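Q: Whatever this is, show me its structure:
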Amino acid sequence: MHGSFAGGGYAGPRGFGDGRPGAGVWEAMEQLRTAFERRGGTRMGRGDVRAAVLALLAERPMHGYQIIQEIEERSGGAWKPSPGSVYPTLQLLADEGLISAEEANGRKTYALTEGGRAEADAADRQAPWLATSERESGFSALPKAGMELAQAAAQVGRTGTPEQVQQAVAALDEARRRLYSILAQD
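A: Numbering: from 1, shown residues only. Reported below is the predicted structural model:
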């Protein structure tokens, strides 16, 4: 039985879509790409911003914009915290006595206090921008591999014989089962 895929149109004899061979594969891959883009994002938790600020200020004093730029650079562009998350974090750290602010030329430069240095030293964990960079690289590799698979499937759909199309469908079904088995592992 032929049907639609997430609101797609008529499913032709070779699968989903508008009846053109391979059209449904492209529709499915576009939905996959969109889902991964939504999932990736650059939003990090409040604790991650705090940890990143402490880690950077442990290296040297900085102003807020420098902190934002450093995190973006060190994460390979995967995470760029907004001023709306960095500046309140800086204020909170100042209120807790972990950082001090010195104003010069209209800019506040933040530095760790003795208590802030002790907390930064005690935080024995990976820098948040490293975890973000690694997580994002995994999210970018999977959609790319999926798109390349979709291109190969579409090529078989356009130029393959009916037997080759059947073999490709069987291979894709097996790949889908194997992907789900990865998720099922503990």
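Q: buried ones in the host helix or strand of residue 115?
A: Assigned by DSSP states H and E, residue 115 belongs to helix 114-122. By neighbour count on 16 or more other Cβ atoms under 10 Å, the buried set for helix 114-122 is 116-117, 119-120. In short, each C-beta sits where N, CA and C put it, glycine included.
Q: do stretch 98-107 as well
A: Using 16+ other Cβ under 10 Å as the test for burial, stretch 98-107 gives 98-99, 101.
Q: residue ranges of the helices in this protein, please?
A: 23-40, 46-59, 64-74, 83-95, 114-122, 128-159, 162-184 (DSSP state H).
Q: Would you tell me which of these gets closest to residue 108?
A: Each of the helices of the chain has some distance to residue 108 by Cβ to Cβ; the shortest is helix 64-74, at 7.2 Å.
Q: In terms of secondary structure, what does that closest one contact?
A: Under the contact criterion of 3 or more Cβ pairs under 8 Å, 6 or more residues apart in numbering; DSSP states H and E, helix 64-74 touches helix 46-59, helix 83-95, strand 107-112, helix 128-159.
Q: deepest of the ones you listed, which one?
A: Of all the helices and strands packed on helix 64-74, helix 46-59 has the most neighbours on average by mean count of other Cβ atoms under 10 Å, namely a mean of 19.
Q: Contact partners for the closest residue to residue 116 other than its chain neighbours?
A: Once flanking residues are discounted, residue 116 sits nearest to residue 98: 3.5 Å by Cβ to Cβ, 6 or more residues apart in numbering. Listed by Cβ atoms under 8 Å, 6 or more residues apart in numbering, the contact set of residue 98 reads 54, 112-113, 115-116, 119.
Q: still on that earlier bit, any chance of JSON lines for the helices of the chain, columns mean pLDDT and distance to residue 108?
A: As requested, the helices of the chain are exported to JSON lines (pLDDT from 0 to 100; distance: least, Cβ to Cβ, whole Å):
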{"stretch": "helix 23-40", "mean pLDDT": "56", "distance to residue 108": "32"}
{"stretch": "helix 46-59", "mean pLDDT": "84", "distance to residue 108": "12"}
{"stretch": "helix 64-74", "mean pLDDT": "91", "distance to residue 108": "7"}
{"stretch": "helix 83-95", "mean pLDDT": "92", "distance to residue 108": "8"}
{"stretch": "helix 114-122", "mean pLDDT": "88", "distance to residue 108": "15"}
{"stretch": "helix 128-159", "mean pLDDT": "72", "distance to residue 108": "22"}
{"stretch": "helix 162-184", "mean pLDDT": "89", "distance to residue 108": "47"}
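Q: All set now, cheers.
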